[in-house]
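*Asks:* No sequence on hand, only this structure:
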Ligand SMILES: N[C@@H](CCC(=O)N[C@@H](CS)C(=O)NCC(=O)O)C(=O)O
């Protein structure tokens, strides 16, 4: 049963909303999902996130928390009885935060632009494709360094960086399907390839990440709007 104490304002196809849902699932915290409508913002969203007016917002005990990575850190600190999401070692924590910031600042904007067709012209597309591949190769390297040969970036279990990067898996697959790019590949990125399989099939994740076909359809409807912005 959904807890009335925890609410998540979001939209099911949003990877940043999925990030929060995965973190709550990892901690086995029930929540109520308050679905925002396409093309409009609810009063509750505007009141809860007056600065950015963006999803996700998590409301815990009536208090709103904004920004997906901050919400994940809050979840880790508020429910200490579940498995730890952030690494305990300070250096590993710093590295996990560094890569999560990289993904949000650099990787996601390019992936998003690609998915919504706002990269126009062959030259711009080639540059964006190169940026995406560079990002993926950096993440392959980060997986080797952070995961140290284990199953996840977080080691034996899913951690902060797994959640931060893994929430984009559905959109990465959608971009692969819509273009000629192969982002995660058994030969070029063997670490990420195995990781993606393990992460995507985890109980905390598998029902959260939207189906690739759903995202491809959504991308087609969003593309004209993205171009108009
Ligand atoms: N840095 C924010 C970004 C949130 C964000 O960009 N949310 C998107 C959905 S994925 C949104 O609300 N877009 C609607 C808008 O920009 O008005 C986070 O990590 O939570």
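*Replies:* Noted; the coordinates are in hand. What you are looking at is a predicted structure, and each value in this text was computed from that prediction instead of being measured.
*Asks:* Of all residues in the chain, which one is nearest the centre?
*Replies:* Against the mean C-alpha coordinate of the chain, by CA atoms, centre = their mean, the closest residue is residue 167 at 2.8 Å.
*Asks:* Just the pLDDT at that one, thanks.
*Replies:* With respect to pLDDT, residue 167 scores 98.
*Asks:* what does the one 4 residues further on give?
*Replies:* At residue 171, the model reports a pLDDT of 97.
*Asks:* Only the buried residues of the helix or strand it falls within, if you could.
*Replies:* Assigned by DSSP states H and E, residue 171 belongs to helix 169-178. Within helix 169-178, the residues that count as buried by 16 or more other CB atoms under 10 Å are 169, 170, 171, 172, 173, 174, 175, 176, 178. The C-beta positions use only the backbone N, C-alpha and C, and glycine is treated the same way.
*Asks:* Am I right that the residue nearest to the centre of the chain is in contact with residue 22?
*Replies:* Yes: in terms of CB atoms under 8 Å, residue 167 counts as a neighbour of residue 22; the distance is 6.4 Å.
*Asks:* Of all the residues in the helix or strand of the chain with the lowest mean pLDDT, which ones are buried?
*Replies:* Using mean pLDDT, DSSP states H and E, helix 212-228 stands out as the lowest-scoring helix or strand of the chain, at a mean of 82. Neighbour-count burial for helix 212-228, counted by 16+ other CB under 10 Å, picks out 212, 215, 216, 218, 219, 222.
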